[in-house]
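Asker: coords below, sequence missing:
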Ligand SMILES: [Zn+2]
Ligand SMILES: [Zn+2]
């Protein structure tokens with residue numbers, strides 16, 4: 001929420017808010033009988049909702065935009081005035097939506113006995129040029145601050161008055177506005193690029209995954225090429241976990257109602273869980289989280305202080321209810337696999353464990369080609385469970401870990417969950433979009449609920465600190481991020497097909513088979529394109545599939561026992577020894593390099 005507050009104080013926010021007013025003016029000039037409702041700034045721009053006599057067309061948008069350009073150049077000042085409700089009602093006499101809003105403001109000023117709290121409710125309005133709006137501001141000084149070449153109307157959508165489908169459907173115009181023309185250009189480029197990189201589109205084109213109506217919404221089918229990438233990511237990450245002191249565990253997909261009662265999920269998380277299934281007269285639930293299972297593993301032995309820390313990691317598949325309207329490709333699904341871990345440790349280990357967890361998280365993410373991070377620290381809210389002193393220890397450990405890793409960060413003071421403070425790690429992708437991936441979250445609730453303990457040096461039982469930790473978050477969502485970050489052009493080590501061997505004519509197929517066989521024997525993922533297509537068509541197809549390397553073989557190559565290499569980035573090397581190519585490819589794979 002810190003980001004939002006900062007945004008609301010920014011000049012850009014004022015520009016967008018002011019552009020919304022200018023747009024409303026232009027729309028009402030075009031439709032003198034039109035009714036206007038509300039129009040706030042939003043991320044990247046603004047919108048305004050209108051009740052108009054007819055549907056807007058793209059031509060209308062052009063005309064409105066043109067008129068807006070004239071208006072902004074007029075250098076009209078935005079002037080604020082405070083008026084009484086009566087005056088406001090006069091100003092907006094022919095604007096029923098504004099009248100409804102004014103009444104709302106008036107009502108809000110009555111106390112619980114229906115007595116007015118303030119005899120003269122002050123209502124703030126803003127005027128520029130001929131246009132007056134009911135508004136709290138803030139705005140720019142004058143319309144010139146909205147640069148005519150730095151805004152654009154984007155599209156028209158339907159929206160119910162006050163978001164209630166029982167109300168009238170209005171027409172919403174979305175616009176975008178920036179401080180300068182270059183910012184607008186950059187934003188539009190990113191939008192275009194984002195469309196091209198949409199993981200749902202690339203998922204189909206590259207045959208990575210699908211969602212089948214037959215199986216159900218929000219449930220992902222990983223095709224062989226997508227699954228290959230997942231296997232590579234999982235293998236890399238599992239090995240890294242094992243090398244970093246984690247113990248791998250597996251747990252079932254369902255658990256008894258009693259377990260979810262103890263964990264509190266049935267009291268506090270039921271809306272996110274699916275209906276129970278009946279097994280021999282007992283209720284079982286598909287797991288929405290892995291924590292209770294790892295806790296049961298911890299509880300399977302009496303633990304001494306010498307046994308700690310314990311770090312249990314699992315690729316745990318969980319099922320959570322999401323409304324069908326919010327499901328989105330890989331990034332919002334109903335079943336997904338977390339790279340989940342739970343750390344149980346002593347108070348004197350907290351600092352080190354958190355620092356290690358963060359270090360490890362950064363290592364894994366960097367290995368995946370993500371390098372731009374921002375941390376968010378959420379601290380103790382007003383309502384919380386557990387010992388405040390433990391909260392302080394936890395929060396300080398989180399803060400010090402962020403600082404010692406020199407990460408830019410923001411603190412959401414009081415924004416933590418009731419059960420513990422946490423770090424969220426957001427990653428910027430190639431289009432500067434923020435994705436929240438890693439979380440390191442303390443828990444002072446579950447250890448209590450499950451009665452977790454270890455025997456301390458003093459021979460007495462103590463409660464361990466418990467930390468939930470996910471690095472990539474959900475495999476599905478992370479895959480979506482990866483696809484969009486790389487635009488489907490995965491680095492060599494992750495590419496499902498690393499090289500395609502292309503014989504120029506039928507007489508070269510035999511030699512090509514031998515080359516493919518040799519490369520496969522060295523562990524490369526190689527396809528042989530034996531189709532009787534023209535060479536250029538084969539290269540074009542391989543390029544479309546974003547395969548890093550294309551090995552073209554013809555008479556010349558066979559004669560000198562070499563290969564010609566075409567690289568995905570367009571570069572080319574003729575007649576090189578196969579071993580040279582192999583060495584290059586293996587080097588890229590070993591280093592998980594971005595370059596080809
Ligand atoms: Zn306003
Ligand atoms: Zn957990």
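Answerer: Good, I have the coordinates. All of these numbers come straight from a predicted model, not from anything done at the bench. Numbers count the residues shown, from 1 in each chain. Ligands and ions are numbered 1, 2, ... in the order given.
Asker: Beta-bridge partners for the residue nearest the centre of the chain, please?
Answerer: By CA atoms, centre = their mean, the chain has its centre lying nearest to residue 435, at 3.7 Å. Partner residues in beta bridges with residue 435, using DSSP bridges, are residue 427.
Asker: how about it, what does it touch?
Answerer: 426, 427, 428, 429, 477, 481 (CB atoms under 8 Å, 6 or more residues apart in numbering). Placement of C-beta: from N, CA and C, glycine included.
Asker: Repeat that for residue 398.
Answerer: 354, 377, 421, 422, 423, 440, 442.
Asker: Please, which helix or strand holds the first one?
Answerer: Following DSSP states H and E, one finds residue 354 within helix 350-367.
Asker: buried stuff in that helix?
Answerer: 350-351, 353-358, 360-362, 364-365 (16 or more other CB atoms under 10 Å).
Asker: Stretch 151-159: which residues count as buried?
Answerer: Buried-residue list, stretch 151-159, by 16+ other CB under 10 Å: 151, 152, 153, 154, 156, 159.
Asker: One more: stretch 198-207?
Answerer: So, applying 16+ other CB under 10 Å, buried residues of stretch 198-207: 198, 199, 200, 202, 203, 206.
Asker: Hmm, the second one is touching residue 332, no?
Answerer: No. The criterion here is CB atoms under 8 Å, and residue 199 misses it with residue 332 at 11.7 Å.
Asker: Quickly find the element holding residue 311.
Answerer: strand 310-319.
Asker: Establish whether that strand and ligand 2 are in contact.
Answerer: No. Remark: strand 310-319 sits outside contact range of ligand 2, by CB under 5 Å from the ion, the gap being at least 8.8 Å.
Asker: Contacts for that strand next, please.
Answerer: Strand 310-319 has contacts (CB under 8 Å, 6+ apart) with 234, 238, 241, 245-251, 253, 273-274, 286-290, 293-294, 297-298, 303, 334-345, 475.
Asker: now the strands: where do they sit in the stretch 451-596 of the chain?
Answerer: Applying DSSP state E, counting those that start in this stretch to the stretch 451-596 of the chain gives strands spanning 454-455, 461-462, 465-474, 499-503, 526-528, 549-553, 563-567, 572-576.
Asker: quick one, which of those is packed in tightest?
Answerer: strand 499-503 (a mean of 26; mean count of other CB atoms under 10 Å).
Asker: That strand: partners in the sheet, and parallel or antiparallel?
Answerer: strand 526-528 (parallel), strand 549-553 (parallel).
Asker: hang on, residue 512 packs against residue 505?
Answerer: No. Checked against CB under 8 Å, the pair residue 512 and residue 505 is beyond contact range at 10.3 Å.
Asker: the more surrounded of those two?
Answerer: Higher neighbour count among residue 512 and residue 505: residue 512, with 23 against 12, using other CB atoms under 10 Å.
Asker: Which residue is most remote from the mean position of this protein?
Answerer: Greatest distance from the centre of the chain, by CA atoms, centre = their mean, belongs to residue 559 (52.2 Å).
Asker: got the contact list for it?
Answerer: Residue 559 neighbours (CB under 8 Å, 6+ apart): none.
Asker: can we see that at 10 Å?
Answerer: By CB atoms under 10 Å, 6 or more residues apart in numbering, the residues touching residue 559 are residue 575.
Asker: what's the answer for residue 499, then?
Answerer: Neighbours of residue 499 in contact, by CB under 10 Å, 6+ apart: 492, 515-516, 519-520, 524-528, 542, 547-551, 563, 565, 581-582, 585.
Asker: pretty sure residue 343 belongs to a strand, no?
Answerer: Yes. The assignment for residue 343, made by DSSP: H, G, I helix; E, B strand; the rest coil, places it in a strand.
Asker: For it, give its distance to ligand 2.
Answerer: 10 Å (CB to the ion, to the nearest Å).
Asker: what pairs with the residue nearest to that residue when sequence neighbours are not counted across the strands?
Answerer: Spatial nearest neighbour of residue 343, chain neighbours left out: residue 467 (4.2 Å); criterion: CB to CB, 6 or more residues apart in numbering. Applying DSSP bridges to residue 467 gives these bridge partners: residue 343, residue 442.
Asker: give the contact list for the residue lying closest to residue 519 once chain neighbours are set aside.
Answerer: In this structure, residue 519 finds its nearest non-sequential neighbour in residue 526, 4.7 Å apart by CB to CB, 6+ apart. By CB under 10 Å, 6+ apart, the contact list for residue 526 reads 497-501, 515-520, 547, 549, 551, 585.
Asker: per-residue pLDDT, the residue in the stretch 451-596 of the chain that ligand 2 sits nearest to?
Answerer: Proximity of the stretch 451-596 of the chain to ligand 2 (CB to the ion) peaks at residue 468, 3.4 Å away. pLDDT, residue 468: 97.
Asker: Please verify my assumption that it contacts residue 339.
Answerer: No. Between residue 468 and residue 339 there is no contact under CB atoms under 10 Å: 11.8 Å.
Asker: Can you name the residue of the stretch 301-450 of the chain nearest ligand 2?
Answerer: Counting by CB to the ion, the stretch 301-450 of the chain gets nearest ligand 2 through residue 342, at 5.6 Å.
Asker: give me the number of residues near the closest residue to that residue other than its chain neighbours?
Answerer: The spatially closest residue to residue 342, leaving aside those adjacent along the chain, is residue 294, at 4.2 Å (CB to CB, 6+ apart). Per other CB under 10 Å, the neighbour tally for residue 294 reads 26.
Asker: before we move on, the earlier item: redo the buried residues of stretch 198-207 as CSV? Include pLDDT.
Answerer: Shown next, in CSV, are these (pLDDT from 0 to 100):
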residue, pLDDT
198, 97
199, 98
200, 97
202, 98
203, 98
206, 98
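Asker: can you give me the helices for the stretch 101-250 of the chain?
Answerer: Secondary structure of the stretch 101-250 of the chain (DSSP state H, counting those that start in this stretch): helices at 181-197, 199-205, 224-243.
Asker: from those helices, which stretch is densest packed?
Answerer: helix 199-205 (a mean of 18).
Asker: Just the residues contacting that helix, thanks.
Answerer: By CB under 10 Å, 6+ apart, helix 199-205 touches 195-196, 198, 206, 208-211, 220, 223, 225-226, 328-331, 477, 479-489, 544-546.
Asker: What subset of the residues you listed is buried?
Answerer: Buried, going by 16+ other CB under 10 Å: 198, 206, 208-209, 211, 220, 223, 225-226, 329-331, 477, 479-489, 545-546, out of the contacts of helix 199-205.
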